[in-house]
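A.B. asks: Here is my input, please return the structure:
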Amino acid sequence: MKKILYIGNNLKNSKSNLSGIQILGPLLESEAYELYYASSKSNKVLRLLDMITSCLWYSKRVDVVLIDTYSTQNFYYAYLVSLICSVSNVPYIPILHGGNLPKRLQSHPKKSHSLFNNALCCIAPSLYIKKEFEQQGYTNLTHIPNTIEIKQYPISKKIVDIPKLLWVRSFSKIYNPTLAIRVLERLQQTYPNAELCMVGPDSDGSLKDVKALAKNLNIVVKITGKLTKQEWVKLSTAYNIFINTTNFDNMPVSVIEAMALGLPVVSTNVGGMPYLIDNQINGVLVAPNDVDLMTKAIIEILNDSNKRNQIIKNARSKVGQFDWQTVRKLWIDVLQLNNT
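C.D. replies: Okay, the predicted model is just below:
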């Protein structure tokens, strides 16, 4: 049985959505891998210390270390963990989640070279990240998309008469949640009863800005806070269009889930989104932070049932390739690398 140490933000609190470690880890366990995790510490310093000590403790007990790697402060965590793995002679695999990681390659070239070139391989969840890394000279890349279990996402019939928008993300400036409020305000000029529901935890105080803008514009928005996957999937049956307002992105699981649920997606055209959504085929892409274009796209989907139904059908077909029964084979192949 292969033993794996999985390093990532394994937080279980009201300020974070499910992370990569919390999705992929249990799926790998279901394939009979033995996993150890770090870290669930909420304090950032203690979390880093837990990651470091876990690496040292398990270095002689595990076959490989997986490292969830983002473009924010976590980049430094991943870098330090990779140094310990190298010194301890344990293979490690960074999973490139951060949509802004390409800028890290430029701003921190030496750390990036050490972290990524010394890895057993680097997992790119999106072809966007894979391409960006390859353009900057990295070659040890394998594309394995973020995964879902598609059987958990049933398509429900919806009444499509007014815009009922669903937004699912953490409230963070990089995800531009205030754009959703401004789009709703614009939609209500044509559809006074248009609705918006925003699901997710407040990660950096952006929720306060969202509430202030809604109050200033005198519009009502449903804000649920963090929900479990089962809760928001059930909630989604009351909504008919999913919006993704982010300024940076890679391969967001929430968008994949929306496509699986039969919600037509209108997203900003940033990062890895054009690698996930074929514009006008299985979703609609618009310029970032553009109220007019996002509003227009929503109205077009609302008014054209043929287009809407085709997008829903194509999107469900597209995300079928992200089902765990397909993706698991790619992970099994990668985790056998250090046996060859």
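
A.B. asks: so F242, which of the three states?
C.D. replies: Here F242 takes the strand state, with states given by DSSP: H, G, I helix; E, B strand; the rest coil.

A.B. asks: need the contact list for it.
C.D. replies: F242 makes contacts with L165, L166, W167, V168, S236, V255, A258, L263, P264, V265, V266, as judged by CB atoms under 8 Å, 6 or more residues apart in numbering. (C-beta placed from N, C-alpha, C; glycine too.)

A.B. asks: how about the strands in the stretch 51-200 of the chain?
C.D. replies: Here the stretch 51-200 of the chain has its strands, by DSSP state E, counting those that start in this stretch, at 64-69, 92-96, 122-124, 141-143, 164-168, 195-199.

A.B. asks: now, which of the contacts of F242 sits nearest L115?
C.D. replies: Nearest to L115 among those: V255, at 27.0 Å, using CB to CB.

A.B. asks: how about TSV for the strands of the stretch 51-200 of the chain, with mean neighbour count added?
C.D. replies: Below are these laid out as TSV (neighbours: other CB atoms under 10 Å):
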stretch	mean neighbour count
strand 64-69	26
strand 92-96	25
strand 122-124	26
strand 141-143	16
strand 164-168	24
strand 195-199	22
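
A.B. asks: To L217, which of those strands lies closest?
C.D. replies: Between L217 and the strands of the stretch 51-200 of the chain, the shortest gap by CB to CB is with strand 195-199, which sits at 11.6 Å.

A.B. asks: Quick check: which helices or strands does that closest one pack against?
C.D. replies: Contact here means 3 or more CB pairs under 8 Å, 6 or more residues apart in numbering; DSSP states H and E; on that basis strand 195-199 packs against strand 164-168, helix 178-187, strand 222-225, helix 229-235.

A.B. asks: about what we covered before: need the strands of the stretch 51-200 of the chain in CSV with distance to T53 and mean pLDDT, can you?
C.D. replies: As requested, the strands of the stretch 51-200 of the chain are arranged in CSV below (distance: least, CB to CB, whole Å; pLDDT from 0 to 100):
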stretch, distance to T53, mean pLDDT
strand 64-69, 13, 96
strand 92-96, 16, 97
strand 122-124, 24, 97
strand 141-143, 29, 97
strand 164-168, 34, 98
strand 195-199, 35, 98
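
A.B. asks: Out of the ones you listed, the one nearest L49 is which?
C.D. replies: Between L49 and the strands of the stretch 51-200 of the chain, the shortest gap by CB to CB is with strand 64-69, which sits at 16.0 Å.

A.B. asks: Could you export the strands of the stretch 51-200 of the chain as a markdown table, including distance to P154?
C.D. replies: Below are the strands of the stretch 51-200 of the chain laid out as a markdown table (distance: least, CB to CB, whole Å):
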| stretch | distance to P154 |
| --- | --- |
| strand 64-69 | 29 |
| strand 92-96 | 28 |
| strand 122-124 | 29 |
| strand 141-143 | 28 |
| strand 164-168 | 16 |
| strand 195-199 | 18 |
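
A.B. asks: Let me know which of these is the nearest to N244.
C.D. replies: Using CB to CB, these put strand 164-168 closest to N244, at 7.7 Å.

A.B. asks: okay, the spatially closest residue to Q106 that is not a sequence neighbour: pLDDT?
C.D. replies: Residue nearest to Q106 in three dimensions, not counting chain neighbours: Q136, with 7.6 Å by CB to CB, 6 or more residues apart in numbering. Looking at Q136, its pLDDT reads 95.

A.B. asks: pLDDT weak spots in this protein?
C.D. replies: Along the chain, segments meeting pLDDT under 70 span 13-17, 338-340.

A.B. asks: what's the domain layout of it?
C.D. replies: 3-147+323-339, 150-320 (automatic domain parsing).

A.B. asks: Figure out the length between the terminal residues of the longest one.
C.D. replies: Counting by CA to CA, to the nearest Å, you get 7 Å between the two ends of domain 150-320.

A.B. asks: Could you report the separation of the residue nearest to the spatial centre of the chain from T268?
C.D. replies: Nearest residue to the geometric centre of the chain (CA atoms, centre = their mean): P252, 2.8 Å. According to CB to CB, to the nearest Å, P252 stands 11 Å off from T268.

A.B. asks: overlap in contacts of these two?
C.D. replies: Counting by CB under 8 Å, 6+ apart, the shared contacts of P252 and T268 are N244, T246.

A.B. asks: helices or strands next to the helix or strand where Y275 lies in the packing?
C.D. replies: Element membership for Y275 (DSSP states H and E) is helix 273-276. If contacts are counted by 3+ CB pairs under 8 Å, 6+ apart, helix 273-276 sits against helix 127-135, helix 253-260.
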